[in-house]
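Asks: Okay, structure incoming, though there's no sequence with it:
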């Protein structure tokens, strides 16, 4: 059996997107699948990997199957860093834009 | 990957702007509030003591009224080359160290930005205390907001 740990879980960009969705709220398998353009079986496979990695739980409620992230499962620091990275990159971009603006204003004077 | 590298986020850029202007934009409150928050999001400089040992508190107000507070204490300031500060992002995580390094290159400035995250053991402790709850949705909300702006 393939390696099943957090590294494996987030190695795939689709799985990272799924985790981002589920970080907000639990969703049904159908609802998750609707968010992506790839096939249902492919999504099911990603969800299965996430489940096997212990990061999400899939529970049946009535006819629906709900996916829920397990916050009690240790999410290693580097997953945080992934999240932070986006924020910091946007912030540094915003800083750069502002610098260019400042520079332009200076030259006008 | 060594342990420190694994928990450090590095962003490198070259700005086509002289070092003094970059320094001013990074360190003066009237400039900080112009770039710290994403466009359309209101940044409030609650306090800013720009000296070694001085503390700073920035607040960003989300459209839903929630505030993100980031605060820290400057541990090194070496004008116009280097600033090291601690940073706490409430309610997500605490104990981050941010390093901003500026290098003069004629009319340009080479910029290196490091964010050193707490050790995994620390993260694990936080997780065990239940502090992880909510970080995901917080990022998600902010992420949605940022992407909505694009």
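Replies: Structure received. Fair warning: this is a prediction, and the values are worked out from it, not measured in the lab.
Asks: what about the closest residue to chain B within chain A, distance to residue A:56?
Replies: Closest residue of chain A to chain B, CB to the nearest CB: residue A:23 (2.8 Å). Every residue, glycine included, has its C-beta placed from N, CA and C. Distance of residue A:23 to residue A:56, given as CB to CB, to the nearest Å: 10 Å.
Asks: Can you check which residues contact both of those two?
Replies: Taking CB atoms under 8 Å, 6 or more residues apart in numbering or on different chains as the contact rule, residue A:23 and residue A:56 both touch residue A:69.
Asks: sec struct for the residue nearest the centre of chain A, please.
Replies: When chain A is reduced to its mean C-alpha position, the nearest residue by CA atoms, centre = their mean turns out to be residue A:20, at 3.0 Å. Per DSSP: H, G, I helix; E, B strand; the rest coil, the secondary structure class of residue A:20 is helix.
Asks: dump the residue contacts of residue B:101.
Replies: Going by CB under 8 Å, 6+ apart, residue B:101 touches B:81-82, B:111-114.
Asks: Let me know the helix or strand that the residue lying closest to residue A:12 once chain neighbours are set aside is in.
Replies: Once flanking residues are discounted, residue A:12 sits nearest to residue A:46: 6.8 Å by CB to CB, 6 or more residues apart in numbering or on different chains. If you go by DSSP states H and E, residue A:46 is part of helix A:40-52.
Asks: ditto for residue B:114
Replies: Residue-wise, residue B:114 maps onto strand B:108-116 under DSSP H and E.
Asks: quick one: that strand near chain A?
Replies: Yes: for a cut-off given as CB under 8 Å from any CB of the partner chain, strand B:108-116 has contacts with chain A, namely B:111, B:113, B:115.
Asks: which other helices and strands contact that strand?
Replies: Using 3 or more CB pairs under 8 Å, 6 or more residues apart in numbering or on different chains; DSSP states H and E as the contact definition, the elements that strand B:108-116 packs against are helix A:77-108, strand B:8-15, helix B:19-27, strand B:93-105.
Asks: Just give me the closest of the contacts of residue B:101 to chain A.
Replies: Lowest distance from chain A to those (CB to the nearest CB) belongs to residue B:113, with 6.1 Å.
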